[in-house]
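J.: fold the stuff below for me.
(chains A, B and C)
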Amino acid sequence: MEPKEISRRNFIRVSGLASAALCLGVYFPASAKEEVIVSKAAADARGIEMNAWLQIDTDGKVTITDHRAEMGQGSFQSVPQIVAEELEVDLKDVNVIFAQGNPKKYGSQITGGSSTIRGSYKQLLHLSATARTVLIMAAANKWAVPVSECYAESGNVIHKPSGKKFHYGELVVDASKLEAPKEIQLKKISEYKLIRKPLNRRDTPIKTNGEAIFGLDKRLPGMLYAVVERNPRMRGTLKSFDSTAALKVPGVKKVFKVQMKVYDTTRDGVVIVATSTWAAMQGRKALHVVWDDSGFEHVNTIDIVKRQEELLKTSEGISFKTQGDPDGVLKQSSNTIDVIYQTPYQAHSAMEPLNCIAHYQPDKIEVWGPIQAPDWIQGNLSDEFKIPKENVVVNMTFLGGGFGRKAFLDYPYEATLISKEIGAPVQVVWSREDDTTQGPFRPGIAYRCQGAIANGEISAIKFRVAGQNLDHWQGGKRDKPNSSTDEGFVKPYFNSIKNISFSDINFELPIPPMWWRSVYASTHGFGYESFMNEMAALAGKDQLDFRREYLKDERCQKLIDRMEEVSGWKSRKKNEGYGVAITECFNTTVGQIVKVSRHTDGKVKIDQVWAVMDCGWYVNPDIIRAQVEGSVLMALGAATIHEITFKDGLPEQRNFYNYLMPRMSDMPPVEVHIMENTADAGGVGEPGLPPFSPALTDAIYDLTGNRIRKLPFDMNKV
Amino acid sequence: MISLNVNGKQHQIDADPNMPLLWAIRDILGLTGTKYGCGAAQCGACTVHMNGEAVRSCVTKLNRAAGQQIVTIEGLSANNNHPLQLAWNELNVPQCGYCQSGQLMSAAVLLRENLNPTDQDIDDAMSGNICRCGTYQRIRAAIHKAAHIQQEAAKI
Amino acid sequence: MSAPLSSIATTKRVVLFTMVSFITVIIMQSFKTETSLKNDDTKPVKDSIGSVKAFMSVYKVLMSPRCMNCHPSGEAPLQGDDSHIHTMNIKRGTDGKGMYAARCSNCHQNENTAGLHMPPGNPKWGLPPAKMKMVFQGRTPHQLALQILDPKQNGGRTKAQLIDHMANDELVGWGWHPGDGRTLPPMSRSAFVAQVKLWIAKGAYAPSAN
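T.: You can find the predicted model right below:
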């Protein structure tokens, strides 16, 4: 998902053909290594399919297509903020629309891996600067003055000596006939007027008055509603069903079997199609279904945990990375620790339950929904239903949260199957119980961490990981270690720890796993960074100094300085517990310090969380702060409040009454700081999550002497 | 026929009196600002005002709502200018935004009954509304801000 | 609340009370032959052992989750058969009906909402008010017996009114119709009321403090 660099300037062309608007986009040639910025006119002339990423009409109206989902992470604000900066237009004059899924036009559109900005910002900057440049050239030509005497500001090109000006709308026709220069001058960070500013989000007004349309809010003429009674055990099949009573419920139109694909397996269900959501839900209650749950293991959490522990004790696993000879050093060391860390399964529980509208027509499919991966869904529906990609239209609405679950294919596929069967557009609604129980879940992972300290220094570290491997569900080979085995671990550690190894132990279950906010770092971070705190304690060193010693990289050193400064690390008092963790994922490093104390009611409370993020080049500091505040809360829930457990193959939690969520009264104060540098942009939506739980448990250790190695734990009992 | 008064407008709807108000508002009246989150009065995403109280429309049947004064997020203010909406916008409260209709409707009851709520009051009033994005800290700040906006407006 | 509405409610309550009293009289007459009720209410035969024994049965009911959950020691109601603190940081408030956007009736309807874990309901749903908390949770039998008998702590009720409350109060009665998935108190309501009456008839003794 890494962006391709725009390396060959001579690929940037603006066509000489007449056009009603200046319409620029990036073209991703199937054969070439680089994408190309082209105008619409040029693209049409060459039969190229391009994205209309940026369009300026003759009345000067600017329209930007947001190619990524808006699920709270702020693409709806940050993408235009980038474009308006280099284009030199006022943000208020910029209209934003969501793209449809089309990787040929936009490259990867998956909103995952914290990729919205880091995956596209360079293209967006170049695209916008190109447009500005040709507009200036067009104006200079009209006035017959040198380009150097002209500049752009607020949607106008101004001739400096005379003060004459054209607004962009007056220039687009001429500009679209020009050829763009090979070298485009981008602004310096110091020249930014919009980027790096905490501008208000443009989607806030419609999210405070009920106007924003989420997937569940989308309506189509003639649309029916459906709910599906799916087998509560993944892999079970449908034996029989009796729809007699369901069909008698007023509004219920049709009841039939539907089989949803989940990776390479299936989930059987019976769908109830009705004239309203409520009628469909009533029909479901009246439905009688018999499942066949034979022929596969019914998992129990108790066994999962036991098996992981057993594997960690008996198996070496597949080596992911070995540096030096940790096994040899560990054998000869006297000052060692050997501990197991454990993390639970989790549901995503976005506030908007899964849903999707599909309209299947013989030669065309159109879907609407809260979708993180429109391009992927387009490809999948095209393959599954044998309809050419260009006739599969995937529309993104606002997402009421995603956290990875809405970057999947199952729910649009199922909706399309249902629409095909009934021959009408249909909205398939997942109940909260469906959303909580049907997974796929974030896998619970266990870690065996061994380490040795000699002369106050780390002499060896050995990590073994036992947990479900997402690679295996996507065609990955079983003899390969999990490709994300060290996700979350801060890379500069490798430069200073001579003897270190990571290995991955195959751990298979019949239930499919899924990425969840910050993916493997969400659990690895807890294992690895908790262990670094244990090593610091074994070495008799301050946790922050210990990090400073092993993270020699300049950016890390600065990050640690900042953590020390903002948290008042050196002036911490008795009866206060302070914990530390630093993790890295999606090219961003985040350090957190958590402060806890025992309150008068006898309970340990979180008094403060300080987060310092180094994400390199960034767009909107307020959006970043919000993302980190949210990441901390999500981590708090997963560390202290909820988990998915299985009994006899069934998830035991169903809704917020037993899959509890942190609430207003649980929210600790979170202070977020962003490092200023010019490094390449990293992600911001996820990297704030992994360091929280190890920092929290470290703070509790600092206060109580009790090291928590298993999540979730009860804050009321520490 | 059930008589519903929503945002000051009278509606006659033909629906099962056991249907929760939520589905009537969303699927029949087409007011989709009120959200389905749990269907069990656990998350508050469906909060609307009924005679001024912040009821959970997912468990409030039409036969209870009939004839009462219902206000949804679409009717909270004429122009997105309730002090809470102003504060929400100023402090960039929403992330995904899905829970925010319910958050605002709950906060509006708090702010009506308590002109200057403390953090404890906010905890007591707002803990029935789940936000999975973690905007609680900003909701808290925005309620304080809205109280201030409201007090300033009262001085004029 | 406007005047006409509350007067309608009062009228309704009076009618209900009259009906219930009438039914109670009929029931009591039909029980006249029962030994436990043979004692003339006006001339009780004091029996401290029998009274305490009856109270211990009463106590078991009062301390069951269906009763105790709304008579908590703190400001928050309790939930479930394990009597955990009500999620959502719910608080009693002045009138016992919750606070601000977290009023009981915002979720708790006039009747139970069907389904496991769905909000139970009753028109009177709520906790005792702040000025009369009537705490059951954590009370020993001795403490609870004295508290229940004390008009300053029991809502100003005489013994007869206490019996009436236990026998006829609509919200107390909810305990025996708690909705899906909630266990019932350890005895039927009629058996419970019989024990309350027996306790009082035999002298309303409190179990000893030890």
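
J.: just the helices from chain B, written as ranges.
T.: With DSSP state H as the criterion, chain B has helices at B:21-23, B:62-65, B:83-90, B:100-113, B:119-126, B:136-155.

J.: could you dump these into TSV and include mean pLDDT and mean neighbour count?
T.: All C-beta atoms are positioned from the backbone trio N, CA, C, and that covers glycine. Listed next are those as TSV, based on pLDDT from 0 to 100; neighbours: other C-beta atoms under 10 Å in any protein chain shown:
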stretch	mean pLDDT	mean neighbour count
helix B:21-23	98	26
helix B:62-65	98	20
helix B:83-90	98	23
helix B:100-113	98	26
helix B:119-126	98	21
helix B:136-155	96	19
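
J.: quick one: mean pLDDT over stretch A:132-142.
T.: Regarding stretch A:132-142, the rounded mean pLDDT is 94.

J.: residues in contact with the residue lying closest to residue A:101 once chain neighbours are set aside?
T.: Spatially, and ignoring its direct neighbours in sequence, residue A:101 is nearest to residue A:374 (2.7 Å; C-beta to C-beta, 6 or more residues apart in numbering or on different chains). By C-beta atoms under 8 Å, 6 or more residues apart in numbering or on different chains, residue A:374 lies in contact with A:69, A:99, A:100, A:101, A:102, A:109, A:394, A:395, A:396.

J.: isn't residue A:628 right next to residue A:613, touching?
T.: Yes - between residue A:628 and residue A:613 there is a contact under C-beta atoms under 8 Å: 6.1 Å.

J.: please enumerate the shared neighbours of those two.
T.: Common neighbours of residue A:628 and residue A:613 (C-beta under 8 Å, 6+ apart) are A:590, A:672, A:684, A:688.

J.: just the buried residues of those.
T.: Neighbour-count burial (16 or more other C-beta atoms under 10 Å in any protein chain shown) is assigned, among the shared contacts of residue A:628 and residue A:613, to A:590, A:672, A:684, A:688.

J.: in CSV, list these along with pLDDT.
T.: Output for these, formatted as CSV (pLDDT from 0 to 100):
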residue, pLDDT
A:590, 98
A:672, 98
A:684, 95
A:688, 98
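
J.: wait, what's in contact with residue A:164?
T.: Per C-beta under 8 Å, 6+ apart, neighbours of residue A:164: A:143, A:158.

J.: returning to that earlier point: in TSV, list the helices of chain B along with distance to chain C.
T.: Shown next, in TSV, are the helices of chain B (distance: least, C-beta to the nearest C-beta, whole Å):
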stretch	distance to chain C
helix B:21-23	11
helix B:62-65	6
helix B:83-90	12
helix B:100-113	4
helix B:119-126	4
helix B:136-155	11
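
J.: and for residue A:150, the neighbour number?
T.: The tally of other residues near residue A:150 (other C-beta atoms under 10 Å in any protein chain shown) stands at 22.

J.: farthest pair in the buried ones among the shared contacts of residue A:628 and residue A:613?
T.: With C-beta to C-beta as the measure, no two of those lie farther apart than A:672 and A:684, at 10.3 Å.

J.: what is in contact with these two at once?
T.: Joint contacts of residue A:672 and residue A:684 (C-beta under 8 Å, 6+ apart) are A:613, A:624, A:628.

J.: make TSV from these and add pLDDT, secondary structure and distance to residue A:368 to it.
T.: Listed next are the shared contacts of residue A:672 and residue A:684 as TSV, based on pLDDT from 0 to 100; DSSP: H, G, I helix; E, B strand; the rest coil; distance: C-beta to C-beta, whole Å:
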residue	pLDDT	secondary structure	distance to residue A:368
A:613	98	strand	34
A:624	97	helix	30
A:628	98	helix	31
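
J.: ok, the buried ones among the shared contacts of residue A:628 and residue A:613 vs residue A:80, which is closest?
T.: Nearest member of these to residue A:80, counting by C-beta to C-beta, is residue A:684, at 16.7 Å.

J.: in three-state terms, label the closest one for me.
T.: coil (DSSP: H, G, I helix; E, B strand; the rest coil).

J.: where does chain B get nearest to chain A, residue-wise?
T.: residue B:33 (1.9 Å; C-beta to the nearest C-beta).

J.: so what's that residue closest to, chain neighbours aside?
T.: residue A:210 (1.9 Å).

J.: where are the low-confidence patches of chain C?
T.: Within chain C, the segments meeting pLDDT under 70 span C:1-44.

J.: where do the helices sit along it?
T.: Going by DSSP H, chain C shows helices at C:3-30, C:48-62, C:65-68, C:141-149, C:159-168, C:170-174, C:189-201.

J.: swap in the stretch 351-500 of chain A?
T.: A:374-385, A:410-422, A:432-437, A:493-496 (DSSP state H, counting those that start in this stretch).

J.: dump these to CSV, plus mean pLDDT.
T.: Formatted as CSV, the helices of the stretch 351-500 of chain A follow (pLDDT from 0 to 100):
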stretch, mean pLDDT
helix A:374-385, 95
helix A:410-422, 98
helix A:432-437, 98
helix A:493-496, 98
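
J.: who in chain C is up against chain B?
T.: C:87-91, C:99-103, C:105-107, C:109-110, C:113, C:115, C:117-119 (C-beta under 8 Å from any C-beta of the partner chain).

J.: go again with 7 Å.
T.: Neighbours of chain B within chain C, by C-beta under 7 Å from any C-beta of the partner chain: C:88-89, C:91, C:99-103, C:106-107, C:109-110, C:113, C:117-119.

J.: break chain B down into its structural domains.
T.: Domain assignment for chain B by automatic domain parsing gives B:2-75, B:83-155.

J.: I figured residue A:675 hits residue A:560, correct?
T.: No - contact criterion C-beta atoms under 7 Å: residue A:675 and residue A:560 do not qualify, at 10.9 Å.

J.: in the sheet, who's paired with residue B:53?
T.: Note on residue B:53: beta-bridge partners by DSSP bridges are residue B:50.
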